[in-house]
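Asker: Coordinates for the following, if possible.
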Amino acid sequence: MNRKKHTKTLAKSTQGTWWKEKKNWYMLAGLVLTTILLAECPILAYAQDETGGLAAITSPLNNLLNLVSIVVSAMGSIIALWGISEWGLSLQGGNGGMMEAQGFKRIIGGIVMILAQNLLTIFSSTSS
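Answerer: Numbering: from 1, shown residues only. Just a heads-up that it's a prediction; the model follows:
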């Protein structure tokens, strides 16, 4: 009896009352204010000037791109070697075509990761 009464009061108290609480209005006002500030106050960055400000911005980004491409290529080499070994083991074990297919997928995925930097260069040059 007491349990039914509690669930009824709980259902009544949570039904459609989000606008009645002050905390929710503060969160909504903060969200609206943040949206207005981000939309109406752009931040201008004058990067290209006589002292080579553009190079100061693009140089670290190019270094980061090179680092990421090296890491991806290294991971691709490891995955390609793993795929080759898995494919070889599947040929020895006779486990069927499923392991062979997984080995081929890993080999192809590793090769794509190794060539990712070159593929990125090719795709970006054709789009512009």
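
Asker: only C-alpha atoms for contact and neighbour calcs from this point on.
Answerer: Noted.

Asker: So which residues make contact with stretch 76-85?
Answerer: Contacts made with stretch 76-85 from outside it, assessed by Cα atoms under 8 Å, 6 or more residues apart in numbering, are listed as 102-114.

Asker: Now do Ala55 against Asn63, distance only.
Answerer: To Asn63, Ala55 is 12 Å away according to Cα to Cα, to the nearest Å.

Asker: so where's the protein uncertain?
Answerer: Judged against pLDDT under 70, the low-scoring parts of the chain cover residues 1-20, 45-53, 94-95, 126-128.

Asker: Tell me which stretches of it form helices.
Answerer: Read by DSSP state H, the chain holds these helices, from start to end of the chain: 2-13, 22-40, 53-93, 97-114, 116-127.

Asker: Distance from the chain centre to the fourth one, please.
Answerer: Put plainly, it is helix 97-114. In terms of Cα atoms, centre = their mean, to the nearest Å, the gap separating the centre of helix 97-114 from the centre of its chain is 23 Å.

Asker: Only the buried residues of that helix, if you could.
Answerer: Along helix 97-114, these residues count as buried under the neighbour rule (16 or more other Cα atoms under 10 Å): 99-100, 103-114.

Asker: And the contacts of that helix?
Answerer: In this structure, residues lying in contact with helix 97-114 by Cα under 8 Å, 6+ apart are 72-87, 90-91.

Asker: Report the central residue of the chain.
Answerer: The centroid of the chain falls nearest to Val68 when counting by Cα atoms, centre = their mean (14.0 Å).

Asker: measure that one to Trp25 for me?
Answerer: Between Val68 and Trp25 the distance is 44 Å, computed by Cα to Cα.
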